[in-house]
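**Student:** fold the following.
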Amino acid sequence: MKEESDRRALELAEQGSHLVLCLSAGLDSQSVLHSFWTQGIPINYVFFYMPGYNDIEYNQLQILIKKYSIKCNIIDLDPMSIKESVLADCKQYGMAVIQAIHKHFLSLLPKDWDVLQMVHDPFVKITDSNNFYYFQGFHDPEIIRLRVGDILNRTGKTISYGNTSEFMYSYLNDDIFKSALHSSKYFDGNGLTKDRVDLRDLDRWDYYIKPLLYGKYWKDELIYFPKYGGWEKLPYSYNMECFKKNALIIPYFEFLDFLSSGPGQVKRFYENISYTV
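**Tutor:** Okay, the predicted model is just below:
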């Protein structure tokens, strides 16, 4: 996974685009920062600061700035000042509050900047009969962020950093990822809960799988801040009932076979109801 991250940074640098990385101080953005920095590839950095809501991340960012001796543009925005607009976007575009807020952040960046989006949060649905299905939908946060650029008529691209076949295969086929799927009932039955988090389903990656993968490949090169997102403190939210609409599910092992099939191969999957989840 680390090798694919480094290759991806080089690939994007060779395109000669005006790249900007949205830093959050989390492991995903740290790993991307590390791949550019260790290879001496220049890139811009930006942090979206919501005073009073993501101060913990802001303080963690200062540690990263010092560690890497980088400059980072700070954009302040009060989420309460845009509440009505955010909720309107949620309703119109079928996006969660944090993604609608991201739309406002993105509108404040130069339109020609190419914005790097971190590794997707891979969601593998595990059925009661213990079948695994890779899930992707029109309303996924990562997919929504790709659409936001079009909504804003930006000339710069929103680039999915970790969605190449090689990069996806590197973590979806990793033994740690597979082990977490096979042992999911152990985690699902432990009764642990966290506000606005689904530890048994959507957030399995963030809280159980991801830190072990980064620890395996990056070891002590990253700073393992406890998992935290400033959006949890937002005093308003929006019910994302549409998340599992307009989606497709792919048998997990079939998807791995495709990702490993080599360049030039195309296989299309469409919104489907042929697999019951």
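**Student:** show me what the strand or helix carrying Leu61 is packed against.
**Tutor:** Following DSSP states H and E, one finds Leu61 within helix 55-68. If you count contacts as 3 or more CB pairs under 8 Å, 6 or more residues apart in numbering; DSSP states H and E, helix 55-68 packs onto helix 27-38, strand 44-49. Every residue, glycine included, has its C-beta placed from N, CA and C.
**Student:** now with 10 Å, please.
**Tutor:** Counting contacts by 3 or more CB pairs under 10 Å, 6 or more residues apart in numbering; DSSP states H and E, helix 55-68 is packed against helix 27-38, strand 44-49, strand 73-76.
**Student:** for it, what is the average pLDDT?
**Tutor:** Mean pLDDT, helix 55-68: 95.
**Student:** mind checking which of the helices and strands packed on helix 55-68 is nearest Ile223?
**Tutor:** Nearest of the helices and strands packed on helix 55-68 to Ile223, taken as CB to CB: helix 27-38 at 6.8 Å.
**Student:** re earlier: now the helix holding Leu61: buried residues?
**Tutor:** Residues Glu57, Tyr58, Gln60, Leu61, Leu64, Ile65, Tyr68 are the ones in helix 55-68 that count as buried (16 or more other CB atoms under 10 Å).
**Student:** right, and the third one touches Cys72 too?
**Tutor:** Read that as Gln60. No - counting by CB atoms under 10 Å, Gln60 stays clear of Cys72, with 12.0 Å between them.
**Student:** shared neighbours, these two?
**Tutor:** Leu23 (CB atoms under 10 Å, 6 or more residues apart in numbering).
**Student:** phi, psi for the most centrally placed residue in the chain please.
**Tutor:** What sits nearest the mean C-alpha location of the chain, by CA atoms, centre = their mean, is His120, with 4.0 Å. Main-chain torsions, His120, degrees, to the nearest 10: phi -60, psi 150.
**Student:** now do the one 5 residues further on
**Tutor:** Geometry field for Lys125 lists phi and psi as phi -80, psi 130, criterion degrees, to the nearest 10.
**Student:** where in this protein is pLDDT low?
**Tutor:** 229-232, 238-242, 272-277 (pLDDT under 70).
**Student:** show the contacting residues for Leu87.
**Tutor:** Here Leu87 is in contact with Val97, Ala100, Tyr236, Ser237, Tyr238 (CB under 10 Å, 6+ apart).
**Student:** out of those residues, which is nearest to Arg200?
**Tutor:** Using CB to CB, the contacts of Leu87 come closest to Arg200 at Ser237, 19.9 Å.
**Student:** run a quick neighbour tally on the residue nearest to that closest one when sequence neighbours are not counted.
**Tutor:** Counting by CB to CB, 6 or more residues apart in numbering, Val97 is the residue found nearest to Ser237 once chain neighbours are left out, at 5.5 Å. By other CB atoms under 10 Å, the residues close to Val97 number 20.
**Student:** wait, Val97 touches Pro79, no?
**Tutor:** Yes - judged on CB under 10 Å, Val97 makes contact with Pro79 at a distance of 8.2 Å.
**Student:** tell me, how many residues neighbour Leu12?
**Tutor:** If you count neighbours by other CB under 10 Å, Leu12 ends up with 20.
**Student:** might you report the residue contacts of it?
**Tutor:** Taking CB under 10 Å, 6+ apart, we find Leu12 in contact with Leu19, Val32, Ser35, Phe36, Ile41, Ile43, Asp114, Leu116, Ile159, Tyr161.
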